[in-house]
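# just coords:
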């Protein structure tokens, strides 16, 4: 598995995707929501100095889409879909069940 280096203040910490996944999965729902909020804050901060970023990393997520379509990434794609399962719950719903405002 690949290694990830993250600089925290003046300390560089080595991580792997497996360690990051285990850390995320060991969190409760409140901590996972805090993680996603922190991820958004990191992306927003990066966007201040990186002119190729916009919003909450949509360009990164578009790139991820192509990676998830590659052979051997089926489980990763299933996990991505599971994380996205309730995304439409945040859109208003009409009486007939159709979504509004999309």
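Noted; the coordinates are in hand. From a predicted model like this one, the values you see are computed outputs, not experimental measurements.
# And the strands in this structure, which stretches?
4-8, 11-15 (DSSP state E).
# Turn these into a markdown table, including mean neighbour count and mean pLDDT.
(C-beta placed from N, C-alpha, C; glycine too.) Below are those laid out as a markdown table (neighbours: other Cβ atoms under 10 Å; pLDDT from 0 to 100):
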| stretch | mean neighbour count | mean pLDDT |
| --- | --- | --- |
| strand 4-8 | 9 | 73 |
| strand 11-15 | 10 | 82 |
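# To residue 50, which of those strands lies closest?
Closest of the strands of the chain to residue 50 is strand 4-8, at 15.7 Å (criterion: Cβ to Cβ).
# Could you count how many residues lie near residue 64?
15 (other Cβ atoms under 10 Å).
# residue contacts, it?
By Cβ atoms under 8 Å, 6 or more residues apart in numbering, residue 64 lies in contact with residue 80.
# who wins for proximity to residue 65 among the strands of the chain?
strand 4-8 (20.6 Å).
# Show residues contacting that closest one.
With Cβ under 8 Å, 6+ apart, strand 4-8 has contacts from 12, 13, 14, 15, 16, 17, 20.
# Who does it pair with, and is each partner parallel or antiparallel?
strand 11-15 (antiparallel) (DSSP bridges).
# Tell me where this protein has helices.
17-26, 29-47, 58-68, 74-83 (DSSP state H).
# got a markdown table for the ones you listed, with distance to residue 89 and mean pLDDT too?
Formatted as a markdown table, the helices of the chain follow (distance: least, Cβ to Cβ, whole Å; pLDDT from 0 to 100):
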| stretch | distance to residue 89 | mean pLDDT |
| --- | --- | --- |
| helix 17-26 | 21 | 91 |
| helix 29-47 | 14 | 91 |
| helix 58-68 | 19 | 87 |
| helix 74-83 | 13 | 92 |
